[in-house]
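Engineer: what's the 3D shape of this:
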Amino acid sequence: MKEFSQFVQLIGGAMPDLVSLILCPALLLVAGLLLAVFHKEKAYLPVAVGLGGAAAFLAGCEAGAGGELFVYLGLYVVLAVLVKLLFLIPFPRRANGAERAEEMYRKFHAELEVPAEDSAAEDAAESGESGEDAVRLGHALSLLEKLKRCNLSASDRLEADALGNTLENCKGRPLGEEEVRRINDCLATILKLTAKYKL
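Structural biologist: Down below sits the predicted model:
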């Protein structure tokens, strides 16, 4: 116990009073702000408790720390509660690359879904390519050509080749409901790949 008392006196004598008074509350404020900005609310309690323990240790090392220690820890708890209020501020969330690509996929895929066809639309699909389907097929093929000129990964190149084969099979022949749906799915996948490679 004598060695521990010497250690406490060493810390208390080496550290200026102002540093031990301000250091942990300042670190709590900075850590709370960063955790609030990055939406890491669960990490706040361990950080606050850890810094509170460090604050109690540093304040206890100061000479003559008695009743003042409890006052200091009380103020620290009040500060910890006030810093917790930072989590009520609605900081914007930053979407990562995968979330952005998925959002773009959902946006374009929703527009390309085939609506329930009435009898007139079925007749048009049975008789051959409609103008809209031909434009969609041409658009998908042109985007696929641009995509193939990029430096694609091996898996994306295989997927692009498979998409190209599917679209080529739909070219120049009557399109039924299944072919139109296949073209829409291919176009949605191509749009997802173009977003990934920033075309």
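
Engineer: immediately after the helix or strand harbouring Leu167, which helix or strand?
Structural biologist: According to DSSP states H and E, Leu167 maps onto helix 154-170. As assigned by DSSP H and E, the chain's next helix or strand after helix 154-170 is helix 177-196.

Engineer: Which other helices and strands does that following helix contact?
Structural biologist: Helix 177-196 sits against helix 97-112, helix 119-127, helix 131-148, helix 154-170, with contacts defined as 3 or more CB pairs under 8 Å, 6 or more residues apart in numbering; DSSP states H and E. (Glycine included, C-beta is placed from N, CA and C.)

Engineer: Among the ones you listed, show the one with the smallest mean pLDDT.
Structural biologist: In terms of average pLDDT, helix 119-127 trails the rest of these, at a mean of 42.

Engineer: what's next to stretch 35-54, contact-wise?
Structural biologist: Outside stretch 35-54, the residues that touch it by CB atoms under 8 Å, 6 or more residues apart in numbering are 24, 27-28, 31-32, 73, 76-77, 80, 83-84, 86-87, 89, 91, 93.

Engineer: If we use 7 Å, what do you get?
Structural biologist: With CB atoms under 7 Å, 6 or more residues apart in numbering as the test, stretch 35-54 has contacts from 24, 27-28, 31-32, 76, 80, 84, 86-87, 89, 91, 93.

Engineer: end to end, how far does it reach?
Structural biologist: Stretch 35-54 has an end-to-end distance of 19 Å (criterion: CA to CA, to the nearest Å).

Engineer: any idea how far the one helix or strand Gly52 maps to is from the chain center?
Structural biologist: Assigning secondary structure by DSSP H and E places Gly52 in helix 44-61. Helix 44-61 has its C-alpha centroid displaced from the chain centroid by 31 Å (CA atoms, centre = their mean, to the nearest Å).
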